[in-house]
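1. No letters, just coordinates:
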């Protein structure tokens with residue numbers, strides 16, 4: 001974890017080996033002023049660095065495991081998530097994604113946006129970015 005002072009606010013860069021390493025010039029997550037911003041997570045298995053095989057259900061489960069690892073590394077949990085943005089490569093996968101989503105957010109649901117996009121990195125079927133607040 002790296003700490004940087006930005007205009008008198010402490011910015012912490014969150015890194016964990018239990019979630020995929022960034023595949024570009026960004027951080028897994030950044031915390032500032034009690035708010036955690038998790039970069040979009042795609043279904044990469046951190047042990048192999050490869051996209052998990054399978055349908056939208058399998059890929060969504062992997063994404064949530066990655067999000068959970070980052071939340072835990074920063075001292076947060078799913079209860080503190082206030083906003084999710086879900087990107088789907090096919091909007092027809094919304095129902096199956098939503099079923100997995102509901103397993104992690106079963107009460108006091110965060111705000112959410114979900115929409116289809118043309119393509120996702122590495123050919124993923126889903127990407128989810130997350131914001132949590134303490």
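-> That came through, no problem. Because the structure is predicted, anything quoted here is derived from the model rather than measured. Residues are numbered from 1 along each chain as shown.

2. make it CA atoms for all contacts and neighbour counts henceforth
-> Will do.

3. chain center to the helix or strand containing residue 70, what's the gap?
-> Using DSSP states H and E, residue 70 maps to helix 56-73. On the basis of CA atoms, centre = their mean, to the nearest Å, helix 56-73 sits 7 Å off its chain's mean C-alpha point.

4. Remind me what that helix packs against, helices and strands.
-> For helix 56-73, the elements it packs on are strand 35-41, strand 44-45, helix 94-104, strand 126-133, judged by 3 or more CA pairs under 8 Å, 6 or more residues apart in numbering; DSSP states H and E.

5. chain center to the shortest one, what's the gap?
-> It refers to strand 44-45. Centre-to-centre, strand 44-45 and its host chain are 12 Å apart (CA atoms, centre = their mean).

6. tell me the mean pLDDT over it?
-> For strand 44-45, mean pLDDT is 97.

7. contact partners of the helix or strand just after it?
-> Per DSSP H and E, the first helix or strand lying C-terminal to strand 44-45 is strand 50-51. Applying CA atoms under 8 Å, 6 or more residues apart in numbering, the contact partners of strand 50-51 are 42-45, 122, 124.

8. Could you measure from residue 117 over to residue 28?
-> Residue 117 sits at a distance of 21 Å from residue 28 (criterion: CA to CA, to the nearest Å).

9. Which one's more surrounded, those two?
-> residue 28 (21 against 14; other CA atoms under 10 Å).

10. got a list of what that one touches?
-> Taking CA under 8 Å, 6+ apart, we find residue 28 in contact with 13-16, 20-22, 38-39, 70.

11. Just the closest of the residues you listed to residue 52, please.
-> Checking these against residue 52 by CA to CA gives residue 20 as the nearest, at 11.7 Å.

12. Quick check: pLDDT value at the closest one.
-> Predicted confidence (pLDDT) for residue 20: 96.
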